[in-house]
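1. Just need the structure, nothing else, for what follows:
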Amino acid sequence: MQDAVQRHARTRAFAEGVISAVLSDPGVQEARQRVEAAETGLVL
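-> This next block holds a predicted model:
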């Protein structure tokens, strides 16, 4: 059971690292800003 918990913790840490790296990419940040701006425009 402990092995499974440790594997889960490592997998989660890896996934969080990948997600963090992707979200910190300038191209991804720019795309998110464009989406947010478009959503704001739709709300008006």
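2. CA only for contacts and neighbour counts going forward, please
-> Fine.
3. Tell me where this protein has helices.
-> 2-24, 26-43 (DSSP state H).
4. Tell me the buried residues in the first one?
-> Going back to what we said before, that points to helix 2-24. By neighbour count on 16 or more other Cα atoms under 10 Å, the buried set for helix 2-24 is empty.
5. Quick one: residues in contact with stretch 27-41.
-> Here stretch 27-41 makes contact (Cα atoms under 8 Å, 6 or more residues apart in numbering) with 22, 23.
6. What count of nearby residues applies to residue 25?
-> Residue 25 sits with 10 neighbouring residues when counted by other Cα atoms under 10 Å.
7. The one 10 residues further on too?
-> Around residue 35 there are 12 other residues, counting by other Cα under 10 Å.
8. How much space separates the residue nearest the centre of the chain from residue 32?
-> Geometric centre of the chain, nearest residue: residue 19, 3.9 Å, by Cα atoms, centre = their mean. Going from residue 19 to residue 32 by Cα to Cα, to the nearest Å gives 14 Å.
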